[in-house]
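Engineer: Sharing a model prediction with you, sequence too.
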Amino acid sequence: MADAAEFEASRRFLERESRRSAQIADPKAWRRFKAESQVRKWLYLWRFSQGIYAWGTCSNANDRVRQSSLFDPKLTKKYDRRVDYLMLKLIHGAPNLWAFEAHNSTEIEDRLKKRFGQSHCYRGLPGSERDEISHGLIERFRRLPHYAHLSPATRVGFERYLSEVFFARRRHPTNPKRTFNWGDSLEPGFLRRIGLGELEGPIEEALRVRF
């Protein structure tokens with residue numbers, strides 16, 4: 001697990017490489033930070049616990065802070081890490097967010113990955129690649145009282161979603177170039193399009209989101 005010093009070093013690295021930065025308390029603060037930006041590209045840094053954090057990039061066209069559903073439970077668009085983040089929120093509580101404005105946001109994201117010799121943007125979670133990380137999170141999620149208190153039908157539906165959709169890397173039925181890897185599959189309307197609309201309710205209850 002990463003420690004507090006490592007997190008601070010990562011945060012300071014992103015701060016040094018960016019034009020400006022701020023800790024973001026709520027959706028209003030995030031909208032204000034974006035509105036005040038001259039560069040319409042950002043990095044984000046979510047801290048879920050003292051030893052677990054994640055980073056990534058976003059833009060006006062692809063606002064992954066909003067699409068994470070960590071501030072607002074209403075689902076919107078695609079985001080592959082969304083389910084992982086939502087489980088982390090249920091395990092550890094609401095995370096803290098920092099935002100960074102930078103022209104070369106993707107390059108900075110990659111440089112932070114290279115500092116740790118890894119291909120993903122998580123720290124403090126077991127696993128060398130995304131499937132391993134997600135499987136580990138799901139095992140922890142299943143041990144939560146929240147999961148135990150779900151109805152049997154809800155648990156069955158959510159487990160179906162994980163096996164038949166989340167890990168199945170489904171594609172759009174009429175446009176196979178559009179992939180829905182991991183949390184991308186929570187794009188509103190997608191489950192209904194592939195004939196699995198009945199899974200929406202269990203997902204809403206399990207992850208505390210809204211389609």
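Structural biologist: Received, thanks.
Engineer: in what helix or strand does the nearest residue to S128 once chain neighbours are set aside lie?
Structural biologist: Distances taken as C-beta to C-beta, 6 or more residues apart in numbering put Q118 closest to S128, at 7.3 Å, once the chain neighbours are dropped. Yep, even glycine has a C-beta here, placed from its N, CA and C like the rest. Under the criterion DSSP states H and E, no helix or strand holds Q118.
Engineer: And Q118, how close does it get to G201?
Structural biologist: Using C-beta to C-beta, to the nearest Å, Q118 is found at 36 Å from G201.
Engineer: do N104 as well
Structural biologist: 42 Å.
Engineer: Sketch out the low-pLDDT regions of this protein for me.
Structural biologist: The model of the chain has pLDDT under 70 over residues 1.
Engineer: Please enumerate the strands of it.
Structural biologist: Ranges of strands in the chain, per DSSP state E, are 20-24, 41-49, 52-59, 96-101, 122-123, 170-171, 179-180.
Engineer: could these go into JSON lines alongside mean neighbour count and distance to S69?
Structural biologist: Listed next are the strands of the chain as JSON lines, based on neighbours: other C-beta atoms under 10 Å; distance: least, C-beta to C-beta, whole Å:
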{"stretch": "strand 20-24", "mean neighbour count": "17", "distance to S69": "15"}
{"stretch": "strand 41-49", "mean neighbour count": "23", "distance to S69": "12"}
{"stretch": "strand 52-59", "mean neighbour count": "20", "distance to S69": "14"}
{"stretch": "strand 96-101", "mean neighbour count": "20", "distance to S69": "13"}
{"stretch": "strand 122-123", "mean neighbour count": "22", "distance to S69": "18"}
{"stretch": "strand 170-171", "mean neighbour count": "17", "distance to S69": "19"}
{"stretch": "strand 179-180", "mean neighbour count": "18", "distance to S69": "16"}
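Engineer: Nothing else from me, thank you.
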